[in-house]
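1. Have a look at this fold, sequence not included:
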Ligand SMILES: CC(C)(COP(=O)(O)OP(=O)(O)OC[C@H]1O[C@@H](n2cnc3c(N)ncnc32)[C@H](O)[C@@H]1OP(=O)(O)O)[C@@H](O)C(=O)NCCC(=O)NCCS
């Protein structure tokens, strides 16, 4: 059912200078290079499959940018890439996707994929600010399923964008989703490592296909 996802997520969603690759197929050990295989030895079955598929997708994106080598894991889980490339990946249960760009164009990229319905109300207090909860409460149940998933995904995508730049862990209530004219922004609620000031807004892109929500941020150089 998701085999045509890559075609659905058309180039309109990504500008030409972002390389992207999505897969509904799962990949195995053959997708890994030697050093990746070494670090994956200790993984359980699900993590191993996610890792293999993620590495496959990310390499599909970095290859056109001139890098097809090992993508190892850095501090707090960030993917380790050559200095001239920024890339990000995500898996939901159904699909995996990655994006990459040249650092001369983008300081950083962050992507996330979520399946609607997994962000339950009893988790809201950990994930969302009072303003976000008030916003969600103004919508009906079907809209809430989508919006709560979108808010969660936006926060995770933003985290993946900001961490490689700041080396700073940010918790969910430290950023807030703002919706302006049906567009989603992340507002920083704190100052981050001399890099970003409190109150800065980051513009996102969001794509929905059936129950899958894909969000990403691209910070221009
Ligand atoms: C890191 C995190 C965002 C990953 O999200 P997830 O839904 O668990 O998993 P996904 O499949 O979407 O993404 C996993 C990929 O994210 C990337 N990633 C993990 N940590 C990262 C980091 N610190 N910086 C950038 N990318 C990171 C990795 O490529 C990872 O895949 P890999 O381990 O196979 O290489 C999440 O586990 C987490 O720690 N969240 C807490 C912080 C947060 O989200 N704050 C929100 C407010 S900013």
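-> Received, thanks. Quantities reported herein were computed from a predicted structural model and do not represent experimental measurements.
2. What residues sit buried inside stretch 212-220?
-> 212, 213, 214, 215, 216, 217, 218, 219 (16 or more other Cβ atoms under 10 Å). No exception for glycine: its C-beta is placed from N, CA and C like everyone else's.
3. So the third one belongs to a strand, correct?
-> Yes: counting by DSSP: H, G, I helix; E, B strand; the rest coil, residue 214 is found in a strand.
4. Show the contacting residues for the closest residue to the ligand within the chain.
-> Proximity of the chain to the ligand (Cβ to the nearest ligand atom) peaks at residue 77, 2.8 Å away. Residues in contact with residue 77 (Cβ atoms under 8 Å, 6 or more residues apart in numbering): none are found.
5. now do residue 108
-> Taking Cβ under 8 Å, 6+ apart as the test, what residue 108 contacts is 86, 161, 162, 164, 165, 217, 219.
6. try it again with 10 Å
-> 86-88, 101, 160-166, 217-221 (Cβ atoms under 10 Å, 6 or more residues apart in numbering).
7. same question, residue 57
-> 6, 20-23, 25, 27, 31, 87, 89-91, 95-100.
8. Same list, the buried residues of stretch 212-220, but as CSV with distance to residue 189 please.
-> As requested, the buried residues of stretch 212-220 are exported to CSV (distance: Cβ to Cβ, whole Å):
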residue, distance to residue 189
212, 28
213, 23
214, 24
215, 19
216, 21
217, 16
218, 21
219, 18
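9. Now the top helix by length along the chain: buried residues?
-> Criterion DSSP state H: the longest helix present in the chain is helix 141-166. Within helix 141-166, the residues that qualify as buried are 144-165, counting by 16+ other Cβ under 10 Å.
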